[in-house]
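Enquirer: okay, here's the prediction I keep looking at, along with the sequence it came from:
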Amino acid sequence: MNKTFKIFLALFTCLLVLSACGKKKAEDTNQTISGPKPSLSDALNTSGISLEKYQQIKYTDQQLHGGSSYKKVVSLLGNPSKTTDTTLTNNAQAKQYTWQMGGNAQLQYIFVIVYKDKVLSKGYQQNTAAKIVKKAKIEKLAKNASFSDVQATLGSPLSQQEADGMSFMTYQYDNSHAYNLTFKDKKLSEKQSVSLNTNN
């Protein structure tokens with residue numbers, strides 16, 4: 001298991017918290033909208049994708065108000081490299097679309113999870129050549145620091161996932177350790193140091 005996979009196992013495990021943190025009913029469907037169970041994808045080559053385009057993708061709220069459509073995402077990123085079925089924690093079916101880069105690209109991949117033509121969640125993974133952040137700088141972050149302030153302080157994380165009500169970021173601070181940061185309603189709620197498996 002390489003260290004990138006190890007990071008995402010921890011990150012996606014955290015995502016299951018969504019199902020226990022204030023589920024809400026969709027006003028027009030009477031279905032509970034909660035966190036997805038995304039899958040990892042094989043590496044494919046894609047070009048013309050950037051963090052700037054990623055930031056233009058908007059996710060919907062738990063009542064499916066607002067948020068980018070799949071068509072809007074394709075207009076930003078082009079056709080996806082891979083499409084997979086995924087199951088939400090309320091057992092509803094959704095689609096995960098993944099755009100993969102290869103070689104020395106800044107981003108390893110971007111993904112979105114789409115439910116009823118709305119982006120429910122989005123995320124990305126940078127290549128491990130991303131800068132390492134000083135541990136003391138991460139530990140200095142105050143509880144309830146805003147999502148945007150953390151990014152402004154630490155820069156783009158190694159990996160990130162966003163959904164309505166919950167967000168996650170991972171920052172590597174040395175060759176074998178990283179911090180997983182959990183945000184509730186865009187406020188920092190938890191910092192967890194994790195060991196990375198550096199063996200392939």
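Expert: Good, I have the coordinates. Given the structure is predicted, the values throughout are model-derived calculations rather than measurements.

Enquirer: where along the chain do the strands fall?
Expert: Listed in chain order, the strands found in the chain under DSSP state E are 24-25, 32-33, 82-87, 93-100, 107-115, 118-126, 159-163, 166-174, 177-184, 187-195.

Enquirer: and of these, who's closest to residue 144?
Expert: Residue 144 lies closest, by CB to CB, to one member of the strands of the chain: strand 187-195, at 4.6 Å. Yep, even glycine has a C-beta here, placed from its N, CA and C like the rest.

Enquirer: just list what that closest one packs against, helices and strands only.
Expert: Counting contacts by 3 or more CB pairs under 8 Å, 6 or more residues apart in numbering; DSSP states H and E, strand 187-195 is packed against helix 3-15, helix 147-154, strand 177-184.

Enquirer: at 7 Å instead, please
Expert: Contact analysis of strand 187-195 by 3 or more CB pairs under 7 Å, 6 or more residues apart in numbering; DSSP states H and E lists strand 177-184 as its packing neighbours.

Enquirer: would you turn the strands of the chain into a markdown table with mean neighbour count, distance to residue 151 and mean pLDDT?
Expert: Shown next, in a markdown table, are those (neighbours: other CB atoms under 10 Å; distance: least, CB to CB, whole Å; pLDDT from 0 to 100):
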| stretch | mean neighbour count | distance to residue 151 | mean pLDDT |
| --- | --- | --- | --- |
| strand 24-25 | 12 | 26 | 42 |
| strand 32-33 | 22 | 25 | 44 |
| strand 82-87 | 14 | 26 | 95 |
| strand 93-100 | 20 | 21 | 95 |
| strand 107-115 | 24 | 15 | 93 |
| strand 118-126 | 24 | 13 | 94 |
| strand 159-163 | 23 | 9 | 94 |
| strand 166-174 | 22 | 8 | 94 |
| strand 177-184 | 20 | 10 | 95 |
| strand 187-195 | 14 | 11 | 94 |
